[in-house]
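Novice: what follows is a predicted protein model with its sequence.
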Number of protein chains: 2
Amino acid sequence: MRVIYNMASLSHKLQTILRNALSNKTSFAHTTFFRAFTWSASRLQLQTTQGTNANVLIGDVDRFGGVTVNLVESDFTSDISEGVFCNLLRDSLTRWRTEGRTAVWLQVPISLSRFVAAASVQGFTYHHANKDRAILALWLPDGQSRLPGFATHQVGVAGAVVDESNGKVLVVQDKNKTVNAWKFPGGLSDPGENIGTTAVREVFEETGVRSEFKSLLSIRQQHNHPGAFGMSDMYIVCRLSPLTYDINFCTQECLRCEWLELTELAETGDTTPITSRLAKLLLHGLNQGFDKIDLPMEELPAVYSGRFYQLYHRKLPQAHEQRPEDEVHRP
Amino acid sequence: MRVIYNMASLSHKLQTILRNALSNKTSFAHTTFFRAFTWSASRLQLQTTQGTNANVLIGDVDRFGGVTVNLVESDFTSDISEGVFCNLLRDSLTRWRTEGRTAVWLQVPISLSRFVAAASVQGFTYHHANKDRAILALWLPDGQSRLPGFATHQVGVAGAVVDESNGKVLVVQDKNKTVNAWKFPGGLSDPGENIGTTAVREVFEETGVRSEFKSLLSIRQQHNHPGAFGMSDMYIVCRLSPLTYDINFCTQECLRCEWLELTELAETGDTTPITSRLAKLLLHGLNQGFDKIDLPMEELPAVYSGRFYQLYHRKLPQAHEQRPEDEVHRP
């Protein structure tokens, strides 16, 4: 490649990085190196515009055969126009197709968003975007894209705080709703927040009552949810145990907040179908033992990261709790 | 406002729309009207550049006091530069702040992405983006943003297909993994797909075995997941019942696929901690009855949309199944 001839003016370190990159031997794990490389390589290659070799962007190749190009703010990127970038990307795509690549990912900082329109001319679409960065993707082979999609669900968690001493449960009525229905306090999980933590936090924020997580009770899935920007909503109800009892509810969010008899909540028409159902389930648990309705949580180690994750399922009897017939194995 | 004086040249219909919009009396439910309005109003107001009143973008006001501006491709938007848009947006923000608005949402088609960088200069960041559209947001009042975030989770579903006649379960080993561990076939939910549907589809795609959904067994949550672009992952295991038994596995995804004794899967070291745990749970169900481990699914009507959603929780005994102590109510 002609680009190699222009390397003389670069530092030895950068020359090595570039040579390795051009022969795809190096994985650019170190961001600073990769940024320096992206900038220098692109500038260098622009110098060969009149040559026989087309200029190409260079990215990191992943184990699925996809290429990731990380655009960064630099003298180079601030200098070139949408048109120049569009040509550079077109020539790069020709090369990536020749090399049999499966996909191209473009990481574009918000300040360089003019390149997004240029990329869309070459068939790229938004995969996702957050804060100050957009990720665009293009599937290269024929046929439907096999690229994984981005997050599809928001997770909302409600906490049913049951006072076992008197059979009452903590309920609220939302402010600004057309129908004043009793429901369990709750809200959306913050990014990275565990289910039980959301339940305890939301109950405290809405009602002023402190509580602790006991178990997961139910899961509901809804699609095309208006409150989720058209995405899906997973609504999880947890059973909590109260640590304090005095109500000091948030007047911005709630119209009313009360400790209500579970029997009353299970029978009243002033509630939603799901709250009514959960009230009946909780009443069954209160009378027969919460082990009849609970999915307790346990932490298990993740295979690859070694970090712990939270798993919820029906309690498995311990060896000493097992009845004889547990030992029976089917043929 | 000076802008009113320029209305004479517009059709009577558009004049009415504009006047109502400027006094915030109309909700622009009809997209075509709103698009026409955005375009015409912006063009019109640009004519007053030299006047005392600043030009402003006009959007739809929601019940939370947020303003949504839907930028569309038009003669107007293709004419103006990033700089002009930046000034227009700055003046609009001044006005929205005066009006006490809480937030501004900008919907930007990918072809107009140069306006995204201009908006970022005014403090906007990406809220989300998908396919050919980016949504930017700016929280206007002092203090931390109270805008709801975008979807945080991907949902993966695995299917444990249990053959009750011989106590075997369908398992696979992934191709291209460093560790060859037995696991249940599964994969990511497509957008809008129900949990049970994902399980049945993925089992068929990976193994060639047809099955039907029986119940939900477990939920696991992981955060900062590399396979979820750093977002969270919800992994759900379902119990399925086989409809066919012949294996014809996908050689692109799987290295092996077998009907394995549940007792063997529960004891082997060649599996993941979660699969081993679920094997023990399934064995308990096989011996004691699956009602001991199942969360069956039921469809309930949504309060506002009237559509049906799927709810999973422990089975509630029917009235005729209840034992006398179920009738006992606590004091």
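Specialist: Received the coordinates, thanks.
Novice: can you pull out the strands in chain A?
Specialist: A:60-61, A:66-70, A:103-109, A:125-130, A:133-139, A:153-163, A:168-174, A:182-183, A:186-188, A:211-222, A:232-242, A:254-261, A:297-301, A:308-313 (DSSP state E).
Novice: so which of those strands is nearest B:E73?
Specialist: strand A:125-130 (16.0 Å; C-beta to C-beta). C-betas here are computed from N, CA, C, even on glycine.
Novice: elements contacting the closest one?
Specialist: Helices and strands touching strand A:125-130, by 3 or more C-beta pairs under 8 Å, 6 or more residues apart in numbering or on different chains; DSSP states H and E, are strand A:133-139, strand B:125-130, strand B:133-139.
Novice: show the pLDDT at A:P317.
Specialist: Per-residue confidence (pLDDT) for A:P317: 85.
Novice: pretty sure A:L281 sits against A:L295.
Specialist: No: at 11.7 Å, A:L281 and A:L295 do not qualify as touching, with contact defined as C-beta atoms under 8 Å.
Novice: looking at chain A, which helix or strand is least sure?
Specialist: In chain A, no helix or strand scores lower on mean pLDDT, DSSP states H and E than helix A:31-46, which sits at a mean of 36.
Novice: low-scoring stretches of the stretch 1-150 of chain A, by residue?
Specialist: A:1-54 (pLDDT under 70).
Novice: how about the residues of it by chain B?
Specialist: The interface of the stretch 1-150 of chain A toward chain B, taken as C-beta under 8 Å from any C-beta of the partner chain, is made up of A:63, A:82, A:110-117, A:120, A:125-126, A:128-135, A:148-150.
Novice: out of those residues, which are buried?
Specialist: Buried subset of those (neighbour count, 16 or more other C-beta atoms under 10 Å in any protein chain shown): A:82, A:110-117, A:120, A:125-126, A:128-130, A:133-135, A:149-150.
Novice: mutual contacts of A:L281 and A:L295, please.
Specialist: Counting by C-beta atoms under 8 Å, 6 or more residues apart in numbering or on different chains, the shared contacts of A:L281 and A:L295 are A:L217, B:R314.
Novice: ok, for A:S113, nearest residue in space, not its chain neighbours?
Specialist: Excluding the flanking residues, the one nearest A:S113 by C-beta to C-beta, 6 or more residues apart in numbering or on different chains is B:V116, at 3.7 Å.
Novice: could you measure that neighbour against B:D270, distance?
Specialist: B:V116 sits 50 Å away from B:D270, going by C-beta to C-beta, to the nearest Å.
Novice: got the end-to-end distance for stretch A:259-270?
Specialist: Stretch A:259-270 has an end-to-end distance of 15 Å (C-alpha to C-alpha, to the nearest Å).
Novice: what sits up against that stretch?
Specialist: In contact with stretch A:259-270 (C-beta under 8 Å, 6+ apart) are residues A:162-163, A:166-171, A:180-182, A:245, A:247, A:271, A:275-276, A:279-280, A:282-283, A:286, B:329.
Novice: quick check: ChimeraX command selecting the buried ones in the residues you listed.
Specialist: A single ChimeraX command is used to select the members of the contacts of stretch A:259-270 judged buried by 16+ other C-beta under 10 Å:
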select /A:162,163,167,168,169,170,171,181,182,247,271,275,276,279,280,282,283,286
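Novice: quick one on the thing from earlier: just put the helices and strands packed on strand A:125-130 in TSV and tack on distance to A:Q221.
Specialist: Output for these, formatted as TSV (distance: least, C-beta to C-beta, whole Å):
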stretch	distance to A:Q221
strand A:133-139	26
strand B:125-130	20
strand B:133-139	23
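Novice: from A:T102, how far off is A:S120?
Specialist: Noted for A:S120: a distance of 20 Å to A:T102, by C-beta to C-beta.
Novice: one more: A:T268?
Specialist: 57 Å.
Novice: please apply the same query to A:G285.
Specialist: When A:G285 is compared with A:T102 (using C-beta to C-beta), they lie 50 Å apart.
Novice: who has more neighbours, these two?
Specialist: A:G285 (23 against 17; other C-beta atoms under 10 Å in any protein chain shown).
Novice: now that one, nearest residue through space, not along the chain?
Specialist: A:I293 (4.0 Å).
Novice: same question for A:G192.
Specialist: Per C-beta to C-beta, 6+ apart, closest to A:G192 is B:H223, 4.4 Å.
Novice: ditto for A:F124
Specialist: Among residues not flanking A:F124 along the chain, A:L136 sits closest, at 4.2 Å (C-beta to C-beta, 6+ apart).
Novice: next one: phi and psi at A:R101?
Specialist: Phi and psi for A:R101, reported as degrees, to the nearest 10, are phi -70, psi 150.
Novice: burial count for it?
Specialist: A:R101 has 20 nearby residues by other C-beta under 10 Å.
Novice: list the residues that contact it.
Specialist: A:V61, A:G65, A:G66, A:V67, A:L140.
Novice: thinking again about what came up before, correct me, but the residue nearest to A:G192 touches B:S232?
Specialist: Yes: using C-beta under 8 Å, B:H223 is in contact with B:S232, at 4.8 Å.
Novice: out of the two, which sits in the busier spot?
Specialist: Counted by other C-beta under 10 Å, B:H223 and B:S232 do not tie: B:S232 has more neighbours, with 23 against 19.
Novice: I figured that one was touching B:R220, is that so?
Specialist: No: B:S232 is beyond contact range of B:R220, at 10.8 Å (criterion: C-beta under 8 Å).
Novice: please consider this matter closed, and thank you.
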